[in-house]
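*Asks:* turn this into a structure:
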Amino acid sequence: MKAIGLGPNGRPWDCRACGYSTCREFAEASALGQASLKQCTPYQERRAEESQREAATDLLTGLATFRVLRDRLTQEVERSKRSGERFTVLFLDLDRLKEINDRYGHEAGNDVLRSVAQEIRSAVRASDLAARYGGDEFVIILTRTERNGAERVAEVLRQGIEGVGRRLGYPPGEVTVSAGISEFDPTHPTSGDLLVNADRALYKAKAAGRNTVV
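*Replies:* Model prediction:
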């Protein structure tokens with residue numbers, strides 16, 4: 001009965017879609033091996049909704065997944081072409097997460113990732129999208145934001161993530177981030193893949209000594 005759950009009115013569904021008159025009859029038959037939850041329409045619909053949410057949300061950080069990022073990026077490009085407004089992409093990479101994992105353990109690294117994700121959520125607007133790209137990399141789509149505005153956001157994040165390290169008790173400089181910025185200009189829409197461009201800028205930030213924005 002717990003697996004089947006209750007309907008919106010707080011009572012058993014008793015929808016009869018499973019072939020039984022009540023959820024209790026179905027549950028008893030299922031417990032005896034005479035029925036399967038595959039027959040329960042409300043259960044299957046809820047599982048489908050849960051799977052869809054899991055596919056859209058990174059379980060560790062609560063940010064969007066790569067799949068959602070790619071879809072939203074395509075939508076934002078098309079919106080920008082219609083409106084004529086520029087937007088930007090930030091590519092963030094924690095500088096020393098591997099060292100933290102090696103020195104303090106992977107759960108410590110996970111704590112850093114969760115805290116950084118919270119810092120990112122607090123820095124972006126509801127209209128933006130923050131996603132975990134993979135590992136210790138994050139991507140943010142800043143809607144209706146040109147490069148200068150993106151630089152300000154990136155600098156706020158850079159300083160904020162340094163603060164995350166301090167709050168978690170790490171020595172100065174142990175939790176830092178490098179950031180690359182790429183701007184989409186609808187008047188020059190073929191200037192290359194935004195993620196690739198932002199990633200190249202990120203590597204320039206790494207080469208410049210890390211903990212910086214390019």
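*Asks:* residue 126 sits in which helix or strand?
*Replies:* Using DSSP states H and E, residue 126 is not contained in any helix or strand.
*Asks:* mind listing what it touches?
*Replies:* Residues counted as contacts of residue 126 (Cβ atoms under 8 Å, 6 or more residues apart in numbering): none. For every residue, glycine as well, the C-beta is placed using N, CA and C.
*Asks:* with the one 10 residues further on instead?
*Replies:* Taking Cβ under 8 Å, 6+ apart as the definition of contact, the neighbours of residue 136 are 93, 94, 97, 98, 109, 113.
*Asks:* run the last query once more with 10 Å
*Replies:* By Cβ atoms under 10 Å, 6 or more residues apart in numbering, the residues touching residue 136 are 92-98, 100-101, 109, 112-113, 116, 177.
*Asks:* same thing with residue 130?
*Replies:* The contact partners of residue 130, by Cβ under 10 Å, 6+ apart, come to 61-64, 69, 90, 92, 117, 120-121, 123-124, 138-142.
*Asks:* swap the cut-off to 6 Å and go again
*Replies:* 63, 120, 124, 140 (Cβ atoms under 6 Å, 6 or more residues apart in numbering).
*Asks:* distance of it from residue 116?
*Replies:* Taking Cβ to Cβ, to the nearest Å as the measure, residue 130 and residue 116 are separated by 10 Å.
*Asks:* that older thread, any chance of the contacts of residue 130 in CSV, plus distance to residue 25, secondary structure and neighbour count?
*Replies:* Below are those laid out as CSV (distance: Cβ to Cβ, whole Å; DSSP: H, G, I helix; E, B strand; the rest coil; neighbours: other Cβ atoms under 10 Å):
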residue, distance to residue 25, secondary structure, neighbour count
63, 43, coil, 23
120, 49, helix, 24
124, 50, coil, 19
140, 51, strand, 28
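*Asks:* quick check, nearest of these to residue 34?
*Replies:* Set against residue 34, the nearest of those by Cβ to Cβ is residue 63 (43.5 Å).
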